[in-house]
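> The following comprises the amino acid sequence and a computationally predicted model.
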Amino acid sequence: IKLEGKGHAPVNIALSKYWGKRDTILNLPQNGSVSISLPGLGTDTTLRPLASDSSQQVTAQDRISLNGQQLDAHQPFAHRLSQFLDLFRTAEVPFFEVITHNTVPTAAGLASSASGYAALVLALDDLFNWQLPATQLSLLARLGSGSASRSLFPGFAIWHAGQSEQGLDSFAEALDAPWPDFCVGLVEIDVAEKPVGSTAGMQQTTAACALYSAWPAQAERDKAVIINAIQQQDFSQLGATAEHNALSMHATMIASWPPLLYWQAESVIAMQKVWALRQQGVEVYFTMDAGPNLKLLFLAAQKKAVSAAFSGLKVIEPFAKPDTQAAS
Ligand code: DP6
């Protein structure tokens, strides 16, 4: 064991979504999903062993800090993290010090739990010197947050739903198909903490939405179409399928009772702007997660037109070389 372990992982945006679990403890999904990781946005985590040795005046719990702030152990974020760490405690390391920094706002629909648990698992791998392959780390990250299974990989990733009850076949792997002019634009409507997290949101939808029964099969079909579109570099097919997939997922949330609507008025205005741009021949699509923000999908040739329509748009080019990654 080392003195400390470090991990970094990017956030990822699902192009075909994970929504609904067949096992809520193991985070086994009802359907597979496919994502794109966003370099530059993510989580850095450092882990250090905390001995329970009283001479070191260490209390019998983890010490967790997020973005420079020490968290109370009862705080939901810290509680969930410590529960996850329960899986990895040893006689030598009964408790952990966790120092984690996000380069994205926490719980703003930008999947910080995804980069967070992926970075934590990489830090564990480093601390304990496991040297596990990324697909194995993906399995472990999934236990912290389903979407984290996809954040172990740069570029596109596929998370296989799997069939086994133990979930050993439910992990993500890289879809190695670089697409140099692929762009993701972040439209920030509201970065405040969302009132209903995705874990609770999924529970509510699967328990109380008749429309949900149609979702897993559609999501699997969409996933296959998007994988094919990535391999063929067929942007129209990718964009249309991703947008339809996101709207279908949100339809299941809206059709739950009580209803679950993550959109704000500005979200709808932004959607209409995307549709108006397409009418004008600007090929841009959107996707949305469990929050009010939109993520735009377009190719570099449309970057000017899309940026002109959305002031303050943050554009990420996942496959651009680091030195040409414009902070625009
Ligand atoms: C809408 O991975 O955050 O972003 O497994 O309960 O932690 P838990 O849920 P989480 O859900 C992500 C839902 C989504 C779609 C997606 O990323 O695929």
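That came through fine. Numbers count the residues shown, from 1 in each chain.
> could you list every residue that touches the closest residue to residue 264 other than its chain neighbours?
Excluding the flanking residues, the one nearest residue 264 by C-beta to C-beta, 6 or more residues apart in numbering is residue 292, at 4.3 Å. All C-beta atoms are positioned from the backbone trio N, CA, C, and that covers glycine. With C-beta atoms under 8 Å, 6 or more residues apart in numbering as the criterion, the residues that contact residue 292 are 109, 189-190, 262-264, 266-267.
> Repeat that for residue 9.
42-43, 114-116, 118-119, 122, 148, 151-152 are the contacts of residue 9 under C-beta under 8 Å, 6+ apart.
> quick check, nearest of those residues to residue 79?
Proximity to residue 79 was ranked across the contacts of residue 9 by C-beta to C-beta; first place goes to residue 116, at 13.9 Å.
> Which helix or strand contains the closest one?
Assigned by DSSP states H and E, residue 116 falls within helix 112-127.
> buried ones in that helix?
Of all the residues in helix 112-127, those buried under the rule 16 or more other C-beta atoms under 10 Å are 112-127.
> Cross-check the residues you listed against the ligand and keep the overlap.
residue 113 (C-beta under 6 Å from any ligand atom).
> What parts of the stretch 1-150 of the chain come near the ligand?
Residues of the stretch 1-150 of the chain lying near the ligand (C-beta under 6 Å from any ligand atom): 14, 17-19, 27, 33, 111, 113, 145-147.
> Take those and keep only those in strands.
Of these, the ones assigned to strands by DSSP state E are 14, 33.
> In the residues of the stretch 1-150 of the chain next to the ligand, which has the lowest confidence score?
pLDDT across those is lowest for residue 111, at 58.
> Tell me which residues touch the closest residue to residue 122 other than its chain neighbours, please.
When the adjacent residues along the chain are set aside, residue 122 lies closest to residue 7, with 2.8 Å between them (C-beta to C-beta, 6+ apart). The neighbours of residue 7, taking C-beta under 8 Å, 6+ apart as the test, are 44-45, 47, 118-126.
> try 7 Å this time
Residues near residue 7 by C-beta atoms under 7 Å, 6 or more residues apart in numbering: 45, 119-123, 126.
> on contacts alone, who are the packing partners of the helix holding residue 116?
Applying 3 or more C-beta pairs under 7 Å, 6 or more residues apart in numbering; DSSP states H and E, one finds that helix 112-127 contacts strand 5-16, strand 33-50, helix 134-144.
> One more pass at 8 Å, please.
strand 5-16, strand 33-50, helix 76-85, strand 95-102, helix 134-144 (3 or more C-beta pairs under 8 Å, 6 or more residues apart in numbering; DSSP states H and E).
> hey, which of those is tucked in deepest?
With neighbours defined as mean count of other C-beta atoms under 10 Å, those peak in mean count at strand 5-16, which reaches a mean of 25.
> and the angle for it with strand 95-102?
Compare the direction of strand 5-16 with that of strand 95-102 by axes from the mean of the first three to the mean of the last three C-alpha atoms, to 10 degrees and you get 50 degrees.
> Go through the top helix by length along the chain and flag the buried ones.
With DSSP state H applied, the helix covering the greatest number of residues in the chain is identified as helix 235-254. Judged by neighbour count (16+ other C-beta under 10 Å), helix 235-254 contains these buried residues: 235, 238-246, 248-250, 252-254.
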